[in-house]
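**Q** Fold the following.
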Amino acid sequence: MIRVAAVLAVLAGPAQAAQFNFCWSGANGYTMTGTIGFADALMTRSIVTEADVSLFRIAGFRDGVAIGKWNLDDLVEDTTWHLRFDPRTLTFPTGGSFPGEASQGWNANGDVTDCGPDGFGFNSGNYAQDICLDGVWISESSIPPETLLGVTTDPVTPDCKGAPLLGKGRGAP
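**A** Numbering: from 1, shown residues only. Just a heads-up that it's a prediction; the model follows:
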């Protein structure tokens, strides 16, 4: 019985994973790159959430200089971790009230103030898309909340130039 289970596991092979890169362009030279990964079977869902994600990392920049990063290895009990991804449009829904179906909180709550000392986070709510750095809301990074945040399979760079976005439509539903 154990041998049959082992053979079936080998024949099944590793689960396929959908993986995408993204690059966010904020105001005043602030940008963020990132990668999201989840089981390929979830590509048929209407929404992928933080509970579905197996790979997630972000890195923040100001004028191309690294200012912070965050990934799932940094996730602790009190971390804000709210993610919505629409695999049909290949976009992160944005522009809605936090937390909600069209908002994001990646180590940053609705006030964008809980990313911790030496921390980095991103938030998209109904007021703006912006970042948190060292536990402080960086208001000068803010852009309109409904700005499209799509993905690509190509590599991304801190200046967010060159990679064609696969995402379609507006960020807000």
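**Q** Strands of the chain, start to end?
**A** Along the chain, counting by DSSP state E, strands occupy 17-25, 30-39, 48-49, 53-62, 65-71, 81-82, 84-85, 104-106, 120-124, 129-133, 136-143.
**Q** Residue 150 is nearest to which of those?
**A** strand 17-25 (6.9 Å; CB to CB). Where you see a C-beta, it was placed from the backbone N, CA and C, and this is true even at glycine.
**Q** tell me the mean pLDDT over that closest one?
**A** Computed over strand 17-25, the mean pLDDT rounds to 96.
**Q** Just list what it packs against, helices and strands only.
**A** Judged by 3 or more CB pairs under 8 Å, 6 or more residues apart in numbering; DSSP states H and E, strand 17-25 is in contact with strand 30-39, strand 53-62.
**Q** Show me the beta-bridge partners of residue 53.
**A** Beta-bridge partners for residue 53, by DSSP bridges, are residue 38.
**Q** OK, contacts around it?
**A** By CB atoms under 8 Å, 6 or more residues apart in numbering, the contact set of residue 53 is 36, 37, 38, 72, 83, 85.
**Q** Near residue 34, how many other residues are there?
**A** Neighbour count for residue 34, taken as other CB atoms under 10 Å: 23.
**Q** Quickly list what it is bridged to.
**A** residue 22, residue 58.
**Q** my guess is it contacts residue 22, does it?
**A** Yes: contact criterion CB atoms under 8 Å: residue 34 and residue 22 qualify, at 5.1 Å.
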